[in-house]
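Chemist: Next come a sequence and a model predicted from it.
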Amino acid sequence: MNTPLGQVTLVGAGPGDPELLTLKAARAIQAASVILVDDLVGEGVLAHARPEARIAYVGKRGGCKSTPQATIEQLMLDAARAGENVVRLKGGDPFIFGRGGEEVESLRRAGIEPVVINGITSGLAAITSLGAPLTHREHAQGVVFVTGHPQKDGPGLDWVRLGESARDLRLTLVIYMGISSAARIQSGLLAALPGDTPVAVIERATLKNQRQCLTSLRELLSDLQQSGLGSPAIMVVGDVVTGVREALRAQALADQSA
Ligand code: SAH
């Protein structure tokens with residue numbers, strides 16, 4: 001007799017703070033017999049796993065090579081065919097720059113319809129952790145989530161056009177994986193947006209060692225170098241950052257004179 005197919009659930013682990021996990025995600029992790037874990041999953045999240053669950057880390061840890069995408073997809077399939085309850089745990093939300101779409105397609109091709117559980121994406125959590133919004137009736141009518149990392153062999157995003165859209169349509173830009181392309185992003189956006197456009201860069205958002213830098217488009221690169229911020233980080237560009245930038249400046253002045 002054939003083993004009945006197991007279930008596969010793609011679970012968003014949220015930005016890092018385990019308190020930001022959804023109840024549904026916590027339940028799925030608790031029910032899993034096999035868990036395939038990505039890089040940017042906060043440690044506390046796995047505390048929900050059963051002690052006997054088999055956990056495989058398939059992300060790039062400490063500079064190691066990550067498991068090829070095809071291998072991850074095969075691991076999920078093999079486990080599901082063996083009747084396991086498989087959870088594929090991904091940082092933030094599985095469907096925002098997480099290759100969740102590709103994994104769903106590959107499972108479907110094999111006749112498995114996965115369940116997907118949202119997580120709070122880091123692009124949202126990062127700016128919220130500073131108390132600033134992504135939209136605002138006076139400053140931003142919408143948000144664009146973009147990757148700063150160009151597709152392999154691809155031309156990458158047209159930052160000038162994106163800057164023009166942000167300016168003309170009053171949109172906040174949320175840039176994932178942008179640190180290593182910061183120079184290109186800065187020069188492209190500066191062709192369309194004023195130099196004093198506020199920018200927030202938030203590293204390891206919602207984790208205990210979160211760091212951030214509040215700056216302007218003109219000073220982005222120099223401030224990034226000076227602060228030493230690195231990946232994983234989110235950049236938020238737009239007037240929604242103004243309020244928190246001013247509040248932090250005022251706080252710094254108050255601290256100095258205290
Ligand atoms: N699916 C994830 C994004 C994966 S792409 C999500 O929804 O958040 C990986 C990029 O996400 C990183 O390079 C970084 O830009 C961002 N990222 C993920 N976790 C982060 C965190 N805690 N703080 C800041 N940026 C983070």
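Modeler: Structure's in. What do you need?
Chemist: For residue 192, list the residues it contacts.
Modeler: Contacts for residue 192 (Cβ atoms under 8 Å, 6 or more residues apart in numbering) come out as 160-164, 166-167. Where you see a C-beta, it was placed from the backbone N, CA and C, and this is true even at glycine.
Chemist: With residue 88 instead?
Modeler: Taking Cβ under 8 Å, 6+ apart as the test, what residue 88 contacts is 8-11, 36, 72, 76, 94, 103, 114.
Chemist: quick one: which of those sit in strands?
Modeler: Mapping the contacts of residue 88 onto strands (DSSP state E) picks out 8-11, 36.
Chemist: quick revisit: I'd like the contacts of residue 88 written out as CSV, with distance to the ligand added.
Modeler: What follows is those, written out as CSV (distance: Cβ to the nearest ligand atom, whole Å):
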residue, distance to the ligand
8, 17
9, 16
10, 11
11, 11
36, 15
72, 14
76, 17
94, 7
103, 12
114, 16
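Chemist: what's across from the nearest residue to residue 115 once chain neighbours are set aside in the sheet?
Modeler: What sits nearest to residue 115 in space, not counting adjacent residues and going by Cβ to Cβ, 6 or more residues apart in numbering, is residue 9, at 4.5 Å. Note on residue 9: beta-bridge partners by DSSP bridges are residue 87, residue 115.
Chemist: Scan the contacts of residue 88 and report the most crowded one.
Modeler: In terms of neighbour count, residue 11 stands highest of these at 30 neighbours, by other Cβ atoms under 10 Å.
Chemist: if I read this right, the residue nearest to residue 115 contacts residue 117, doesn't it?
Modeler: Yes - contact criterion Cβ atoms under 8 Å: residue 9 and residue 117 qualify, at 6.3 Å.
Chemist: Need the residues touching each of those two.
Modeler: By Cβ under 8 Å, 6+ apart, residue 9 and residue 117 have these common neighbours: residue 28.
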